[in-house]
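**Student:** based on what follows, work out the 3D shape:
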Amino acid sequence: MPRDLEASPTEWSKNVGSALGKIAAISDLQVPTVDTFLEITVPATYVRASGLDGETIEPITVFQPAKVQILFTVNIPERIQKELNPFDLHFGGTRFAVMINYEDHGPVVVARCADDESSILQSHAVMIVREFLQRELAHAHELFLVSVGPSPFHADFSIYPSEAELPDDTEGQYRELIYRRSRGRGPLRYSLALPSSFVAPEGGDRVSLAFSLALYHLTRELSLYYSLSERADIHRDQVFIVSALTDDLIEQYQRRGPWPALKRTFAGGLRTRSVLLRVIEAEKSEAQGRSFASSLIGELSEGDEEAPLLHRELSVARNESNAAELRAARETVDSLESTRKKEFEIAVISLSTLLGGAAGAVVSLLTGS
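**Tutor:** Residues are numbered from 1 along each chain as shown. As a prediction, the model looks like this:
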């Protein structure tokens, strides 16, 4: 995306086209003109650094192009591939066809080897293209590439000319296509083809047609999947903050000596309540996010009897929960606050005995306990 987030839709197209066009390795670049941005209302916790850092947790509106496809070919010589490839994987080609599809929930990048495709794993091609673009765009300082990583799940998708050529694995119907799903030692594999009964238009290529159909449906699902993965990352950030604050609270209660004890007893209530509020906010945002995700997954199948092809992955992303960590934090805070209140009551009774009831009442008012 352009670094100038205030750019108009038309300027957005010009900025993206200009920055990508300056990369010598890119050819056949197509960047359509964007007339309007799509306005999407989402929980604020879908945006990193919101929620627990004091910002609003009310729904907010974000802007992005929708139903826009950017196309280009990028040539990455083997020498550069080796620099970008820590695992020394063999790709069998240097030209990659790249499609950036902006869907309702964000962009999805599809990268294919434009040379001999039979000897490579396409998901490895995505990694090389991502690393190359990140390096090149970092030099330009005009665009920055945002990716969800490490990869939430590793899968290879293959298109076959006919149903009869599909591998003999789990089979199902996916929209107009037949698919088979398998998992071995390597990545998850999806194999897709048009059913044998389908008659392609005259002169039509069955593989190209099947690829277009798969791309149309899968990019919508992947767009949502990566949005849910980002939501899960944000919630993990919130839990990390809560855990860090809880650890600080525990450390405060472990300090010895009269001054830490007095400070904890008479001023610690505000701090424990502050941490408890953060726990409640994290629990609330996670519950809201899960409900929001369920409605979005339901929209993918609205009007269809078939579940999304990635329904398992979408369900896992939606159901990811930090409830155990938040419950442990809540119980810790409750326990520490209960201990502090008992210490406070003893201190007030002692002061009342020594100085009179009025002094004890004044202490209670001043500390808010």
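**Student:** so which residues of the stretch 201-350 of the chain form helices?
**Tutor:** Listed in chain order, the helices found in the stretch 201-350 of the chain under DSSP state H, counting those that start in this stretch are 206-254, 258-300, 311-319, 323-355.
**Student:** of all those helices, which one is nearest Gly21?
**Tutor:** For these, proximity to Gly21 was assessed by Cβ to Cβ; helix 206-254 is nearest, at 23.9 Å. Where you see a C-beta, it was placed from the backbone N, CA and C, and this is true even at glycine.
**Student:** now do the closest one: which elements does it pack against?
**Tutor:** Using 3 or more Cβ pairs under 8 Å, 6 or more residues apart in numbering; DSSP states H and E as the contact test, the elements touching helix 206-254 are strand 95-103, strand 106-113, strand 155-159, strand 177-183, strand 188-193, helix 258-300, helix 311-319, helix 323-355.
**Student:** and that helix with strand 188-193, angle?
**Tutor:** With axes from the mean of the first three to the mean of the last three Cα atoms, to 10 degrees defining the directions, helix 206-254 sits at 160 degrees from strand 188-193.
**Student:** before we move on, back to that, let me have the helices and strands packed on helix 206-254 in a markdown table, adding mean pLDDT as columns.
**Tutor:** What follows is those, written out as a markdown table (pLDDT from 0 to 100):
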| stretch | mean pLDDT |
| --- | --- |
| strand 95-103 | 89 |
| strand 106-113 | 84 |
| strand 155-159 | 79 |
| strand 177-183 | 77 |
| strand 188-193 | 81 |
| helix 258-300 | 79 |
| helix 311-319 | 82 |
| helix 323-355 | 74 |
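**Student:** a markdown table for the ones you listed, including mean neighbour count and distance to Ile70?
**Tutor:** Compiled in a markdown table, these are given as follows (neighbours: other Cβ atoms under 10 Å; distance: least, Cβ to Cβ, whole Å):
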| stretch | mean neighbour count | distance to Ile70 |
| --- | --- | --- |
| strand 95-103 | 19 | 4 |
| strand 106-113 | 20 | 9 |
| strand 155-159 | 17 | 20 |
| strand 177-183 | 17 | 25 |
| strand 188-193 | 20 | 24 |
| helix 258-300 | 17 | 23 |
| helix 311-319 | 17 | 25 |
| helix 323-355 | 15 | 39 |
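**Student:** now for those, which one comes closest to Val239?
**Tutor:** Nearest to Val239 among those is helix 323-355 (5.1 Å), distances taken as Cβ to Cβ.
**Student:** I'd like the distance between His139 and Gly269.
**Tutor:** Distance of His139 to Gly269, computed by Cβ to Cβ, to the nearest Å: 53 Å.
**Student:** now swap in Val68 and tell me
**Tutor:** Here the criterion is Cβ to Cβ. By it, Val68 lies 53 Å from Gly269.
**Student:** same question for Arg327.
**Tutor:** Using Cβ to Cβ, one gets 22 Å for the distance from Arg327 to Gly269.
**Student:** and for Leu228?
**Tutor:** Plainly put, Leu228 is 38 Å away from Gly269 if you go by Cβ to Cβ.
**Student:** likewise for Arg189?
**Tutor:** Look at Arg189 and Gly269: by Cβ to Cβ, they are 57 Å apart.
**Student:** circling back: output the helices and strands packed on helix 206-254 as JSON lines; include the columns distance to Ala214.
**Tutor:** Putting the helices and strands packed on helix 206-254 into JSON lines (distance: least, Cβ to Cβ, whole Å) gives the following:
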{"stretch": "strand 95-103", "distance to Ala214": "12"}
{"stretch": "strand 106-113", "distance to Ala214": "10"}
{"stretch": "strand 155-159", "distance to Ala214": "6"}
{"stretch": "strand 177-183", "distance to Ala214": "6"}
{"stretch": "strand 188-193", "distance to Ala214": "5"}
{"stretch": "helix 258-300", "distance to Ala214": "15"}
{"stretch": "helix 311-319", "distance to Ala214": "16"}
{"stretch": "helix 323-355", "distance to Ala214": "36"}
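**Student:** closest to Asp237 out of these?
**Tutor:** Scanning the helices and strands packed on helix 206-254 with Cβ to Cβ as the criterion, the closest one proves to be helix 258-300, at 9.7 Å.
**Student:** list of residues touching stretch 197-209?
**Tutor:** 159-162, 176, 193-194 (Cβ atoms under 8 Å, 6 or more residues apart in numbering).
**Student:** again, only using 7 Å
**Tutor:** Contact partners of stretch 197-209, identified using Cβ atoms under 7 Å, 6 or more residues apart in numbering, comprise 159, 161-162, 194.
**Student:** and Leu71, which of the three is it?
**Tutor:** When states are read from DSSP: H, G, I helix; E, B strand; the rest coil, the local structure at Leu71 comes out as strand.
**Student:** name the nearest residue to it, sequence neighbours excluded.
**Tutor:** Taking Cβ to Cβ, 6 or more residues apart in numbering, and ignoring the residues beside it in sequence, Leu71 has Gln30 as its nearest neighbour in space, at 4.3 Å.
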